[in-house]
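K.L.:
Requesting a structural model of the entry that follows:
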Amino acid sequence: MRKEGYLVDVVERFIGGSGFGFRRDYLGFIDLIAVNVDKKETVGVQTTSGSNFSSHVHKICDTPDIRSNALAWLNSGNKIQLHGWRKLGPRGKRKKWDCRVQDLTLEDVKGG
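P.N.:
Modelled structure (predicted):
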């Protein structure tokens with residue numbers, strides 16, 4: 001996204017404790033926020049592995065609190081994108097990363 005002119009920052013937090021911890025996404029589903037002044041848009045990005053892509057779509061659309069936050073984010077004129085990362089090539093020799101990108105619209109989130 002930086003190559004496309006976005007200003008990007010990580011908004012996912014690590015909540016630590018004695019011997020354990022967990023990650024917490026902004027609004028329950030945003031790992032990165034990307035702003036593009038030329039396009040006049042702000043994008044909340046959920047990143048995941050390629051194999052967990054559909055589970056993150058369901059997390060956003062089917063978990064009541066997260067769904068409510070996603071609807072508020074979208075109704076405020078922002079966008080939501082899912083980025084699913086995987087390495088390409090034969091096992092043991094995988095070198096190139098591939099990113100599947102999907103926009104989630106109001107209709108996607110409302111449909112649950």
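
K.L.:
Any idea which residue is closest to the centre of the chain?
P.N.:
Note on the chain: the residue nearest the mean C-alpha position is residue 46, at 0.9 Å, using Cα atoms, centre = their mean.

K.L.:
For it, I want the exact helix or strand it lies within.
P.N.:
According to DSSP states H and E, residue 46 maps onto strand 41-49.

K.L.:
What residues of that strand count as buried?
P.N.:
42-48 (16 or more other Cβ atoms under 10 Å). Where you see a C-beta, it was placed from the backbone N, CA and C, and this is true even at glycine.

K.L.:
likewise stretch 16-36?
P.N.:
By neighbour count on 16+ other Cβ under 10 Å, the buried set for stretch 16-36 is 25-35.

K.L.:
returning to what we had before: what is the nearest of the buried residues of strand 41-49 to residue 111?
P.N.:
The closest of these to residue 111 turns out to be residue 46 (Cβ to Cβ; 17.4 Å).
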